[in-house]
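Student: got a sequence here, can you model it:
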Amino acid sequence: MRALKYINKYFVKYKWRLLIGIFITVLSKLLALKVPQIVGDSLNIVEDYQSGKITDLKAVEEELLQNALVLIGVAVLAGFFTFLMRQTIIVTSRLIEFDLKNEIYQQYQRLSLNFYKKNRTGDLMNRISEDVSKVRMYVGPAVMYSMNMIVLLVVGFTQMIRIDVKLTMYTLLPFPLLSIAIFTLSKIIHKRSSIVQEYLSKLTTFNQEFFSGISVVKSYGIENSIIKGFDEISDKSKEKNIHLQQANALFFPLMVFLIGISNIIVIYIGGQQYINNEIQIGTIIEFMLYVNILTWPVAVVGWVTSMIQQAEASQLRINEFLQHQPEIQNHSIAPITLQGKVDFKNVTFTYDDTNITALKNVTFSAEAGETIAILGKTGAGKSTIIELIARLYDTKEGSILMDGNSIETINLNDLRNQIGFVPQDPFLFSETISSNIKFGKEDAAKEEIIQAAKDAVVHENIIDFPNGYETILGERGVTLSGGQKQRVSIARAIIKNPKILIFDDCLSAVDTETEERILSNLKKVSKNKTTFIISHRVSSAKNADKIIVLEGGVIIQQGSHNQLINTSGYYKELHDQQLLEKEN
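Tutor: Here you go, the predicted structure:
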């Protein structure tokens with residue numbers, strides 16, 4: 001249970017709720033254990049009357065009536081306390097589940113981009129849902145039933161010893177076998193639980209990728225292939241679940257079998273003692289009631305053990321991510337207002353997941369308020385530059401300065417809050433168009449939203465929708481076309497009014513005319529802002545103050561549009577080629 005030690009802090013947080021719940025549990029079980037004693041006493045009274053030890057029938061009837069009323073009262077109180085027990089312990093388990101899910105989610109927010117490249121979405125979702133649910137079973141039902149078990153076993157056996165030591169000792173004979181069985185099965189269940197959770201993550205990941213890529217699946221007509229892949233993973237998951245349940249299924253029959261042996265012993269040994277006049281018939285019945293009351297707590301040992309082992313396996317998976325340190329750390333809490341000057345000095349960067357060196361000894365400067373265009377072929381390192389500016393990664397070779405300070409020494413939250421980023425593949429949420437634009441500025445007024453949409457040349461498209469700005473978008477913005485998604489994403493960055501604007505090839509899905517209108521608007525919007533435009537088109541770069549051309553992670557050209565079109569090289573060739581295409 002080493003992994004489950006992580007949960008102890010929540011037990012401390014809700015200690016009073018748990019202590020009250022445990023106290024109520026003890027009371028409810030103490031009351032429940034009064035039943036065998038009352039039943040045994042009642043039968044002994046009847047036996048004494050039949051044997052002539054008691055001759056007053058009225059006294060016997062009164063005592064039996066009194067015992068019956070006490071039994072009813074005990075049952076009602078025990079039921080009431082059981083209700084309170086569930087209201088305290090089970091509710092506490094839900095509170096801990098809520099806290100743990102929030103802690104995991106906050107950790108997911110802190111983790112770096114590189115982490116998400118190495119881990120699949122389905123697995124992340126499974127750990128915050130299914131794994132946390134398994135842990136909740138440990139902090140709720142497992143704790144509750146464990147307390148039931150402990151109280152019933154301790155008090156029950158104490159009562160049994162009080163009645164007859166010899167009979168109790170014989171009754172305990174099967175319990176060493178029980179201990180060995182629990183120990184062996186627990187190890188098997190722990191191992192199989194871990195495998196089951198891993199396959200559940202694989203299944204969740206497969207489904208998540210299938211739903212996200214449904215348009216590709218249908219356009220290529222590969223539904224049958226996808227179904228076959230799903231069936232293979234599903235069958236393996238089913239097989240692992242069956243293996244786990246086969247181990248779980250051994251617990252209850254084994255418990256019932258051993259308890260049955262205890263009952264036979266009680267009947268046999270107790271019967272001999274009764275024949276020898278050592279005990280009364282009520283004592284045998286009382287003993288059998290105790291043994292059968294103990295059937296549930298002993299049987300539940302297996303269930304609780306299974307829950308704990310599954311929770312241990314799940315918490316171990318959760319701890320892997322909770323204990324994972326974000327690669328990008330915020331080294332400063334001092335607030336800062338950026339001016340927008342950016343300097344790259346001999347920056348070399350290699351992605352550790354692919355071992356590809358995206359930038360090699362890159363050096364350039366962007367003054368505050370300048371517009372920098374970055375061009376190059378696919379894989380040249382353009383996007384890597386802006387990812388480093390937003391500090392989604394840290395470079396190990398060279399340095400990046402922001403207003404003359406190392407980017408790693410600047411308050412990370414302030415840095416990103418003052419950057420407006422339009423990614424190459426825009427992501428829109430399943431909310432209204434208005435909410436998606438307001439994502440850049442939560443308190444934005446309606447007029448600001450409309451103006452941002454106009455600047456991004458998407459306002460006319462939005463008002464054509466039946467619900468206008470209140471149109472609900474499908475998942476990932478599937479309701480909109482590629483160009484519309486890009487322009488809504490641009491509006492989201494504009495409304496933020498940041499000090500640094502980054503456009504990562506965000507005009508690739510719009511026509512040339514719309515591109516010209518957007519660029520014209522961006523020229524006004526980006527005034528006094530440092531702007532980076534990543535593009536494959538000369539038309540997007542020509543008005544920039546400085547143009548950087550990358551090839552294989554190396555800067556091969558740098559200068560203004562007029563300088564570069566008068567110099568032989570990649571930019572001039574690209575300009576001439578695109579000019580020819582436009583004329584044709």
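
Student: endpoint to endpoint, stretch 207-226 covers what distance?
Tutor: In stretch 207-226, first residue to last residue: 10 Å (Cα to Cα, to the nearest Å).

Student: give me the contact list for it.
Tutor: Outside stretch 207-226, the residues that touch it by Cβ atoms under 8 Å, 6 or more residues apart in numbering are 120-122, 125, 230, 476. In this view, the C-beta of every residue, glycine as well, is placed from N, C-alpha and C.

Student: which among the residues you listed end up buried?
Tutor: Buried members of the contacts of stretch 207-226, counted by 16 or more other Cβ atoms under 10 Å: 120, 122.

Student: so among the contacts of stretch 207-226, where is pLDDT lowest?
Tutor: Lowest pLDDT among the contacts of stretch 207-226: residue 476, with 62.

Student: in the stretch 201-350 of the chain, where is pLDDT below threshold?
Tutor: 212, 215, 220, 251, 295-296, 298-299, 302 (pLDDT under 70).

Student: can you map out the strands along it?
Tutor: Taking DSSP state E, counting those that start in this stretch as the criterion, the stretch 201-350 of the chain carries its strands at 342-351.

Student: ok, the chain next?
Tutor: Here the chain has its strands, by DSSP state E, at 342-351, 356-366, 371-376, 397-402, 405-406, 419-422, 500-504, 530-535, 546-551, 554-559.

Student: rewinding a little: in the contacts of stretch 207-226, find the pair that's most separated.
Tutor: 230 and 476 (21.4 Å; Cβ to Cβ).

Student: would you reformat the strands of the chain as TSV and include mean neighbour count and distance to residue 283?
Tutor: As requested, the strands of the chain are exported to TSV (neighbours: other Cβ atoms under 10 Å; distance: least, Cβ to Cβ, whole Å):
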stretch	mean neighbour count	distance to residue 283
strand 342-351	18	78
strand 356-366	18	81
strand 371-376	24	91
strand 397-402	17	85
strand 405-406	12	83
strand 419-422	24	80
strand 500-504	25	84
strand 530-535	25	88
strand 546-551	22	92
strand 554-559	16	94
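
Student: can you pull the domain assignment for this structure?
Tutor: With domains defined by automatic domain parsing, the chain comprises 3-322, 342-583.

Student: weakest of these by average pLDDT?
Tutor: Lowest mean pLDDT within the domains of the chain: domain 3-322, at a mean of 81.

Student: which ones are touching the most centrally placed residue in the chain?
Tutor: In the chain, the centroid-proximal residue (Cα atoms, centre = their mean) is residue 128; its distance is 1.8 Å. By Cβ under 8 Å, 6+ apart, the contact set of residue 128 is 101, 104-105, 108.

Student: out of those residues, who has the most neighbours?
Tutor: Among the contacts of residue 128, the one with the most neighbours (other Cβ atoms under 10 Å) is residue 104, at 19 neighbours.

Student: not counting stretch 157-166 itself, show me its contacts.
Tutor: Residues outside stretch 157-166 that contact it (Cβ under 8 Å, 6+ apart) are 33, 36-37, 167-168, 171-172, 269, 273, 279, 283, 286-287, 290, 294.

Student: sorry, slip of the keys, the one I care about is stretch 409-423.
Tutor: Contacts with stretch 409-423, where a contact means Cβ under 8 Å, 6+ apart, come from 328-338, 386, 389-391, 402, 407, 440, 486, 489-490, 492-494, 496-504, 506.

Student: out of those, which sit inside helices?
Tutor: The members of those that map onto helices under DSSP state H are 386, 389, 486, 489-490, 492-494.

Student: farthest-apart pair in these, please.
Tutor: Farthest pair in these (Cβ to Cβ) is 389 and 486. Separation: 20.0 Å.

Student: look at those two and report which has more neighbours.
Tutor: The residue with more neighbours, out of residue 389 and residue 486, is residue 486; 28 against 21, by other Cβ under 10 Å.

Student: for residue 371, give its distance to residue 469.
Tutor: 29 Å (Cβ to Cβ, to the nearest Å).

Student: ok, residue 190 next?
Tutor: 54 Å.

Student: go on, residue 27?
Tutor: Counting by Cβ to Cβ, the gap from residue 27 to residue 469 is 60 Å.

Student: mind checking which of the contacts of stretch 409-423 are buried?
Tutor: With neighbours counted by 16+ other Cβ under 10 Å, the contacts of stretch 409-423 contain buried members at 328, 336, 338, 386, 389-391, 402, 407, 440, 486, 489-490, 492-494, 496-504, 506.

Student: quick one: residues contacting the residue nearest to residue 42 when sequence neighbours are not counted.
Tutor: With sequence-adjacent residues excluded and distances taken as Cβ to Cβ, 6 or more residues apart in numbering, residue 42 is closest to residue 67, at 4.8 Å. By Cβ under 8 Å, 6+ apart, the contact list for residue 67 reads 38, 41-42.

Student: out of these, which one sits closest to residue 433?
Tutor: Residue 433 has its nearest neighbour among those in residue 38, at 70.9 Å by Cβ to Cβ.

Student: contacts only, for that closest one.
Tutor: 67, 70-71, 74.

Student: try 6 Å this time
Tutor: 67, 70-71 (Cβ atoms under 6 Å, 6 or more residues apart in numbering).

Student: can you flag which of those residues belong to helices?
Tutor: Among the contacts of residue 38, the residues falling in helices (DSSP H) are 67, 70-71.

Student: neighbours of residue 61, how many?
Tutor: The local packing of residue 61 (other Cβ under 10 Å) involves 12 other residues.

Student: what's the distance between it and residue 196?
Tutor: Relative to residue 196, and taking Cβ to Cβ, residue 61 is found at 59 Å.

Student: residue 403 versus the closest residue to residue 329 other than its chain neighbours, what's the distance?
Tutor: Excluding the flanking residues, the one nearest residue 329 by Cβ to Cβ, 6+ apart is residue 412, at 7.8 Å. Distance of residue 412 to residue 403, given as Cβ to Cβ: 15 Å.

Student: circling back: just the buried ones out of the contacts of stretch 157-166, please.
Tutor: Among the contacts of stretch 157-166, those classed as buried by 16+ other Cβ under 10 Å are 33, 36-37, 167-168, 171, 269, 273, 279, 283, 286-287, 290, 294.

Student: closest one to residue 57 among the strands of the chain?
Tutor: Here strand 419-422 is closest among the strands of the chain (Cβ to Cβ), at 92.7 Å.
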